[in-house]
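Visitor: The amino acid sequence is not available; the structure is as follows:
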């Protein structure tokens, strides 16, 4: 029981294809969906528009912006600002500031 | 990014350990291709650092990303397979894919190898509809399809997310 998605070139293209596929499934859900992105860093001009459309959509519904979701996987801006290995200490520093009491 | 603490309070950084291993192997005469695994007990929902004593019994509000497996491919470079226990494709999917690609870039850059393909396995996937209705979602997907359809296919510098 799985749903294979044909290999896509970029993240935005893969996202649209997989969302469209699962959206057609009964209950808008699927199990073991396999997505393959040939070049996850590549951006075409249409990809930029997709990212901005999705970001605007999420913001307008009080969801996390795309940049926030990206940073929960990996704090890319901290990496650009501080490089390695300082990023690790900086992340702990930032984390200690945003950490909720009791966490 | 995740951290664990030993009983003695020593901080363990699994990502730093993995980067070190990938770098060492990428430069070795004999390279092990498939020994780079990362179990994830954290980010996505609330940036909490996982506390096994406190969080192990939680059922709700757990992180969705479960496991990362990196491979050093002789031609394609650093490949990544990511496994999700549950995946919200609208609220999280696109940001997750981009973020995983950047994680690959971070490790590949230090190892001096190219970034390879990203494979994502969503063991359960949802086109989430908590905050929006079907019509709004259909309009979004239609606009995205139009954007890609009208694209001239030229690669551009990845700038926009930097200022999002």
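Guide: Ah, there it is. What you see is a predicted model; the values in this text were computed from it and never measured. Residues are numbered from 1 along each chain as shown, chains lettered A, B, ... in the order given.

Visitor: The longest strand seen in chain B - what's its average pLDDT?
Guide: The longest strand of chain B (DSSP state E) is strand B:115-126. Per-residue pLDDT over strand B:115-126 has a mean of 97.

Visitor: repeat for stretch A:46-65
Guide: On average, stretch A:46-65 scores 96.

Visitor: before we move on, the earlier item: return the distance of the next helix or strand after the longest strand of chain B from the chain's centre.
Guide: Per DSSP states H and E, the first helix or strand lying C-terminal to strand B:115-126 is helix B:134-149. Taking C-alpha atoms, centre = their mean, to the nearest Å, one finds the center of helix B:134-149 at 25 Å from the center of the full chain.

Visitor: Buried ones in helix B:134-149, by neighbour count?
Guide: Using 16 or more other C-beta atoms under 10 Å in any protein chain shown as the test for burial, helix B:134-149 gives B:137, B:140, B:141, B:144, B:147, B:148. The C-beta positions use only the backbone N, C-alpha and C, and glycine is treated the same way.

Visitor: ok, which stretches of the chain are helices?
Guide: Looking at chain A here, since you left the chain open. Ranges of helices in chain A, per DSSP state H, are A:11-23, A:45-60, A:66-73, A:76-82, A:86-98.

Visitor: The chain in question should be chain B.
Guide: For chain B, helices defined by DSSP H occupy the ranges B:14-26, B:52-55, B:94-111, B:134-149.

Visitor: With chain A as the reference, name the closest of these.
Guide: Counting by C-beta to the nearest C-beta, chain A lies closest to helix B:94-111 out of the helices of chain B; the figure is 2.7 Å.

Visitor: how far away is residue A:71 from residue B:99?
Guide: Counting by C-beta to C-beta, to the nearest Å, the separation of residue A:71 from residue B:99 is 7 Å.
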